[in-house]
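Visitor: This is a predicted model, with the sequence first.
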Amino acid sequence: MIDINILRSNPDLVKENIKRKFQDHKLPLVDEVVDLDKTLRALKKEGDDKRREKNESSSQIGKLMAQGKRDEAEKIKEHVAKLNKRIAEVEEEEQKISARVKKIMLTIPNFVSADVPVGKDDSENVQLETFLEAKEKPFDVPYHTEILEKLGGIDLDSARRTSGQGFYYLTGDIARLHSAILTYARDFMIDRGYTYVIPPYMIRSDVVSGVMSFDEMDNMMYKIEGEDLYLIGTSEHSMIGRFMNTILDEKSLPLKMTSYSPCFRKEKGAHGIEERGIYRIHQFEKQEMIIVCKPEDSEKFYNELWQNTVDFFVSMQIPVRTLACCTGDLADLKYKSLDVEAWSPRQKKYFEVGSCSNLTDAQARRLGIRYKTEKGNVFAHTLNNTVVAPPRMIIAFVENHLNADGSVNIPPVLQPYMGGKTKIEIKK
């Protein structure tokens, strides 16, 4: 949500930002909300004036009755009754217009950083840097589910019977690898000064609408039937919601946190052949990082966050690259975003394993997250990034560490978490 004062003073600036995001269908909303805002302010003024007049008139009634001027008092009573009727009408109209203004303000996208490349969709994202050399294997690399099945590590058929498409059982050393990666990610982030948190896995609708756009909510969130609760799509949702309607101590900032959670996503739409297996699923686990900070510090922490993910993957000996997300690929609340992609020796290309985002004060305005300064309360900035989501990490892991005989090497940093194992062998 952007500051409505910007809409009042410079609606053309808001329209230009909408055009950069290729959301021209939202342009009429700018004029609509400007007009509604004028009407709303006029109604508020009228309501305040009428209430003031009512109070003044009401105070006269008792005095006139005491003076025996009953007829004059009755006339004022009639006038007060008319004032009450109009006040009720004004308040009802205010509520309707306020609801519409809020809905529009939640739909208008956050301002995009000037250094974000302009483009319509993710095909126009721009590569920034690569880390470690992306090497092809001297042998054919099977599809990741074939690798995992030979290692005795996955059961998709049973998962389809119990839960349907988009679920899986991990077993044996692969299940242990999954847990090892998450535990290593936790320790990796704690060592970098982040506080470890396990948040609630369900949140209320007012938190959902505070952390994401309506489109994201519809495409991602699972609703708990009969309750005002949603399963989280990422721990960022409940982690940011934790500070809803709070005024933080300026000295406590920045808040640097790393959180673990299962994640639940509808994943609506068709996704193509490369997203079979465990690439895009309805349930997975993830280690996340979240920062709440002062506005002047958010760019610095944005760079820190994506670098953490790069360093984590490099420590696992997995080549990665960074991509600047273009304007058309940014969710409405994002000021800028950078994807970290891992190298796939099988596909001979990179695929997304994490996304780093600076949302400036968009979430903070929706949720009322501020901090106290000498000059007053200021909206904080919020940022988030994926440390690791093991399903996709496992794909990158087994492909990059696969040997010709089908076994998979375990890099040194993970060996203590795997009971000293150096390799996962094929199950005979």
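Guide: Structure's in. What do you need? Computed from a prediction, not measured in an experiment: that's the story for all the values here.

Visitor: Tell me where the protein has helices.
Guide: 4-9, 11-20, 27-66, 70-107, 144-150, 156-162, 172-191, 205-211, 214-220, 235-241, 298-315, 362-367, 390-400 (DSSP state H).

Visitor: any idea which of those helices scores lowest on pLDDT?
Guide: Mean pLDDT per stretch puts helix 214-220 lowest among those, at a mean of 77.

Visitor: before we move on, back to that, dump the helices of the chain into a markdown table; add distance to residue 117 and mean neighbour count as well.
Guide: Where C-beta positions appear, they are placed from N, C-alpha and C, glycine not excepted. Shown next, in a markdown table, are the helices of the chain (distance: least, Cβ to Cβ, whole Å; neighbours: other Cβ atoms under 10 Å):
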| stretch | distance to residue 117 | mean neighbour count |
| --- | --- | --- |
| helix 4-9 | 23 | 14 |
| helix 11-20 | 10 | 16 |
| helix 27-66 | 22 | 14 |
| helix 70-107 | 24 | 15 |
| helix 144-150 | 31 | 20 |
| helix 156-162 | 38 | 13 |
| helix 172-191 | 29 | 19 |
| helix 205-211 | 25 | 20 |
| helix 214-220 | 21 | 15 |
| helix 235-241 | 24 | 25 |
| helix 298-315 | 16 | 19 |
| helix 362-367 | 20 | 24 |
| helix 390-400 | 24 | 24 |
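
Visitor: Which of these sits closest to residue 425?
Guide: The closest of those to residue 425 is helix 172-191. By Cβ to Cβ, the value is 8.2 Å.

Visitor: Need the residues that contact that closest one.
Guide: The list of residues contacting helix 172-191 from outside it, by Cβ atoms under 8 Å, 6 or more residues apart in numbering, reads 148, 151-154, 170, 196, 258, 260, 285, 287, 289, 308, 312, 315-316, 387-388, 390, 393-394, 397, 410, 413-414, 417-419, 421, 424, 427.

Visitor: mind exporting it as CSV, just the C-alpha atoms?
Guide: This file holds the C-alpha atoms of helix 172-191, laid out as CSV (Å, rounded to 0.1, in the frame of the first residue of the first chain):
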residue,chain,number,x,y,z
GLY,A,172,16.0,-43.2,3.9
ASP,A,173,19.1,-41.2,3.3
ILE,A,174,17.2,-38.6,1.1
ALA,A,175,14.8,-37.9,3.9
ARG,A,176,17.8,-37.5,6.2
LEU,A,177,19.5,-35.2,3.6
HIS,A,178,16.3,-33.1,3.5
SER,A,179,16.5,-32.6,7.3
ALA,A,180,20.3,-32.1,7.2
ILE,A,181,20.0,-29.3,4.7
LEU,A,182,17.4,-27.5,6.8
THR,A,183,19.4,-28.0,10.0
TYR,A,184,22.5,-26.7,8.3
ALA,A,185,20.6,-23.7,7.0
ARG,A,186,19.4,-22.9,10.5
ASP,A,187,22.9,-23.0,11.9
PHE,A,188,24.3,-21.1,8.9
MET,A,189,21.9,-18.2,9.5
ILE,A,190,22.3,-18.2,13.3
ASP,A,191,26.1,-18.0,12.8
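
Visitor: what angle do it and helix 390-400 make?
Guide: 110 degrees (axes from the mean of the first three to the mean of the last three Cα atoms, to 10 degrees).

Visitor: Please tell me how far helix 172-191 is from the chain's geometric centre.
Guide: 24 Å (Cα atoms, centre = their mean, to the nearest Å).

Visitor: by how many degrees do that helix and helix 298-315 diverge?
Guide: Counting by the same axes, to 10 degrees, helix 172-191 points 140 degrees away from the direction of helix 298-315.
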